[in-house]
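K.L.:
I would like to see how this sequence folds:
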Amino acid sequence: MKPFLIDVLFALGWAFVGALIMAMAFGILLKIFNWFTPINEWEEIRKGNTAVAIILAAAILSLAIVVSVAILPAGS
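P.N.:
Model (predicted):
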């Protein structure tokens, strides 16, 4: 039973680290994305521009994939 609890604690720790890194990276991503695009993405999304929403979602998902691989434990 004890190894199971240790594994659960490790999983919760990695989940916390992943959420923290993802939150910081998400903020940085949005700043950089706004820098490089000539439009205001949030205003376009409020107007109903689905293409901008899809591009922003793709950027967020690609960042999530990169962060998930970056925090993957070495033995996995």
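K.L.:
Pull the distance from the helix or strand hosting residue 32 to the chain's centre.
P.N.:
Using DSSP states H and E, residue 32 sits within helix 2-36. Centroid separation for helix 2-36 versus its chain: 8 Å, with Cα atoms, centre = their mean, to the nearest Å.
K.L.:
buried set for that helix?
P.N.:
With burial defined by 16 or more other Cβ atoms under 10 Å, the residues of helix 2-36 counted as buried are 18, 22, 25, 29-30. For glycine as for every other residue, the C-beta is placed from the backbone atoms N, C-alpha and C.
K.L.:
got the CA positions of the next helix or strand after that helix in CSV?
P.N.:
Sequence-wise, the next helix or strand downstream of helix 2-36 (DSSP H and E) is helix 41-47. Only the C-alpha atoms of helix 41-47 are listed here, as CSV (Å, rounded to 0.1, in the frame of the first residue of the first chain):
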residue,chain,number,x,y,z
GLU,A,41,-7.4,38.3,-31.4
TRP,A,42,-9.8,38.7,-28.5
GLU,A,43,-11.8,41.4,-30.3
GLU,A,44,-12.0,39.2,-33.4
ILE,A,45,-13.2,36.2,-31.3
ARG,A,46,-15.9,38.4,-29.7
LYS,A,47,-17.0,39.3,-33.2
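K.L.:
Chain neighbours aside, what residue packs nearest to the most centrally placed residue in the chain?
P.N.:
In the chain, the centroid-proximal residue (Cα atoms, centre = their mean) is residue 64; its distance is 3.7 Å. Computed as Cβ to Cβ, 6 or more residues apart in numbering, the closest residue to residue 64 that is not its neighbour in sequence is residue 22, at 6.5 Å.
K.L.:
and what of residue 21?
P.N.:
Take residue 21 and drop its neighbours on the chain: the residue closest to it by Cβ to Cβ, 6+ apart is residue 67, 5.6 Å away.
K.L.:
if I pick that neighbour, what's in contact with it?
P.N.:
Counting by Cβ atoms under 8 Å, 6 or more residues apart in numbering, residue 67 touches 18, 21-22, 25.
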